[in-house]
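Student: this is a predicted model, with the sequence first.
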Amino acid sequence: MEEKELPIIDIRMAMSQVDDDYEFLIELLQDFLEDIAKKEFEKENYDKEIQELYAAKEKAEDTVIVLRKISKRAHAVKGSAMNLGLSRVARDATLLEAMCNSYADAPSKLDKDFSNNDAGLRTK
């Protein structure tokens, strides 16, 4: 069975969240994008956390801390995206959150996966 592609934005759901106030929805979407662009989700911070994850992979407790931090951020993005009807963003944030939690619960699996696919996980 083929999976149906999610819309970028579920406009009906998003409009229902703001009582059909289109201008308010636009304002919320702009705020969401600005928060992602200038706060903790900047590419530099993401790259830094990935590098911290590589540096921490020798120490399981540090790895778990970094993974939980990324998971918490993904959870925040997921919630905001769901409220705004951003279906694909919510789906991807859900997957990232679940992956981080899975690895945090079993750090040895992360080490094995890093070893098997090291080049694919490194940032450029």
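Tutor: Yes, it's here. Residues are numbered from 1 along each chain as shown.
Student: and the longest helix for the protein?
Tutor: For the chain, the helix with the greatest residue count under DSSP state H is helix 60-83.
Student: how about the helices in the chain?
Tutor: So, for the chain - with DSSP H - the helices run 11-17, 22-38, 43-56, 60-83, 87-105, 107-116, 118-121.
Student: give me the angle between the second one and helix 87-105.
Tutor: Inter-element angle recorded for helix 22-38 and helix 87-105: 40 degrees (by axes from the mean of the first three to the mean of the last three C-alpha atoms, to 10 degrees).
Student: ok, and what's touching helix 22-38?
Tutor: Helix 22-38 is contacted from outside by 14-15, 17-18, 41, 77, 80-81, 84, 86, using C-beta atoms under 8 Å, 6 or more residues apart in numbering. Yep, even glycine has a C-beta here, placed from its N, CA and C like the rest.
Student: export the helices of the chain as CSV, with columns for distance to E5.
Tutor: Below are the helices of the chain laid out as CSV (distance: least, C-beta to C-beta, whole Å):
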stretch, distance to E5
helix 11-17, 15
helix 22-38, 20
helix 43-56, 26
helix 60-83, 16
helix 87-105, 9
helix 107-116, 27
helix 118-121, 24
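Student: which one of those lies closest to K4?
Tutor: K4 sits nearest to helix 87-105 of all those, at 10.7 Å, using C-beta to C-beta.
Student: just the buried residues of the closest one, please?
Tutor: For helix 87-105, a neighbour-count test (16 or more other C-beta atoms under 10 Å) marks 87, 89-90, 92-94, 96-97, 99-101, 103-104 as buried.
Student: how about low-confidence regions in the chain?
Tutor: 1-3, 39-47, 49-50, 52-60, 111, 114-124 (pLDDT under 70).
Student: what distance do you get for Q51 to E27?
Tutor: From Q51 across to E27, the span is 35 Å (C-beta to C-beta, to the nearest Å).
Student: number of nearby residues for R12?
Tutor: R12 has 11 neighbours, counted by other C-beta atoms under 10 Å.
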